[in-house]
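# Provided below are the primary sequence and the corresponding predicted coordinates.
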Amino acid sequence: MPELPEMEIVARRLNEALPGERIESALTPGINALKTFDPPFSAIDGATFTGARRRGKLLMLDVEGERGPLTLLLHLMSAGRIQVFDKRASLRDKTSRVLFRLPGDRELRVREFGTRQRAWIKLLTPDMVEADEALASLGPEAWPEPPADLAERLAAPRPLHSLLRDQRVVTGIGRTWVDEILHTAKLSPFKRGDDLSEAEVEALAEAMASELGRVLTVYEESVRLPLPEKFPKPTRVHAHQGEPCPRCETVLEAVFYEDYVMTYCPHCQTEGRVLKDRRLSRLLK
């Protein structure tokens, strides 16, 4: 799933390219992708893009048209991508979810791979934006400055790996970068949030800022339009199980879940303990 670094660089690149571009027409081949009906999606036909921004993992595209300012709120979910192409897609392209036809036969295209098709888009008026439940439920941003009340937000009897991915607690972090953050902070993914010391909260906040910033630095140098289908993943720990820890050279271990893997260093994070592999647990039931 695109997380804060991916969506931040997408917003930056689109904000460089889209302002001033007129939308000749907009189509939703993935009909269930559109989650609003008023204003109608046709209200952006002929409108002009004015900017692109991000909130957590959500992308916001601002336009100005006959009905005044409007905002397109977009969640790419796990398999969605947004890209700018010099050639328009065929309506028979099964990956196309939303198509913004631009002058010169160009196109801003929202695509989604796989069969689950969960990406969505909403067209909102300015007063609807702040009230929208997808935005109103979000916690403070994880980057560039983690929230000052991070200790209070994490003070729950839940493991850090789960807490940090909860968008109501802090927004922007997902399965990939939480592994990197916890490794940098030298914290176990299963340590409870309400069991953190003041020093550990400080280390966690510093790791959030530094790791997300590190990834964005890589993306600034490598990500260009039309935007890639797969972003480079400058991970040091996540999905590197079986390889040496980049800090202490202990072999990295992993806990496997149904649809993702959690990677950690036993020496740096769990006091030498190798955590139970959920795959084996299921087989023994």
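Received the coordinates, thanks.

# partners of the residue nearest to V261 when sequence neighbours are not counted in the sheet?
For V261, ignoring the flanking residues on the chain, the nearest one in space by Cβ to Cβ, 6 or more residues apart in numbering is A254 at 5.1 Å. The way it works is simple: take the backbone N, C-alpha and C, and place the C-beta from them, glycine included. For A254, the beta-bridge partners are T263 (DSSP bridges).

# who are the packing partners of the biggest helix by length in the chain?
When the chain is parsed with DSSP state H, its longest helix is helix 198-222. Judged by 3 or more Cβ pairs under 8 Å, 6 or more residues apart in numbering; DSSP states H and E, helix 198-222 is in contact with helix 4-17, helix 150-154, helix 175-185.

# just put those helices in CSV and tack on mean neighbour count and mean pLDDT.
Output for the helices and strands packed on helix 198-222, formatted as CSV (neighbours: other Cβ atoms under 10 Å; pLDDT from 0 to 100):
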stretch, mean neighbour count, mean pLDDT
helix 4-17, 21, 97
helix 150-154, 19, 97
helix 175-185, 24, 97
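
# show me the one of the ones you listed that comes nearest P144.
Taking Cβ to Cβ as the criterion, helix 4-17 is the member of those that comes nearest to P144, at 9.6 Å.

# got the angle between that closest one and helix 198-222?
40 degrees (axes from the mean of the first three to the mean of the last three Cα atoms, to 10 degrees).

# so for stretch 84-101, what's the average pLDDT?
Looking at stretch 84-101 alone, the average pLDDT works out to 90.

# where along this structure do the strands fall?
25-27, 48-55, 58-65, 68-75, 80-85, 96-101, 107-112, 120-124, 253-256, 261-264 (DSSP state E).

# returning to that earlier point: now tabulate the helices and strands packed on helix 198-222 in JSON lines and tack on distance to K87.
Formatted as JSON lines, the helices and strands packed on helix 198-222 follow (distance: least, Cβ to Cβ, whole Å):
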{"stretch": "helix 4-17", "distance to K87": "16"}
{"stretch": "helix 150-154", "distance to K87": "46"}
{"stretch": "helix 175-185", "distance to K87": "31"}
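
# T263 and D179 touch, don't they?
Yes: T263 lies in contact with D179 (Cβ atoms under 8 Å); the separation is 5.1 Å.

# find residues that contact each of the two.
Residues within reach of T263 and of D179 at once, by Cβ atoms under 8 Å, 6 or more residues apart in numbering, are 237-238.

# where does the chain have low pLDDT?
Applying pLDDT under 70 to the chain picks out residues 277-285.

# can you rerun that using 90?
Along the chain, segments meeting pLDDT under 90 span 1-2, 29-32, 78-79, 89-94, 113-118, 130, 229, 257-260, 275-285.
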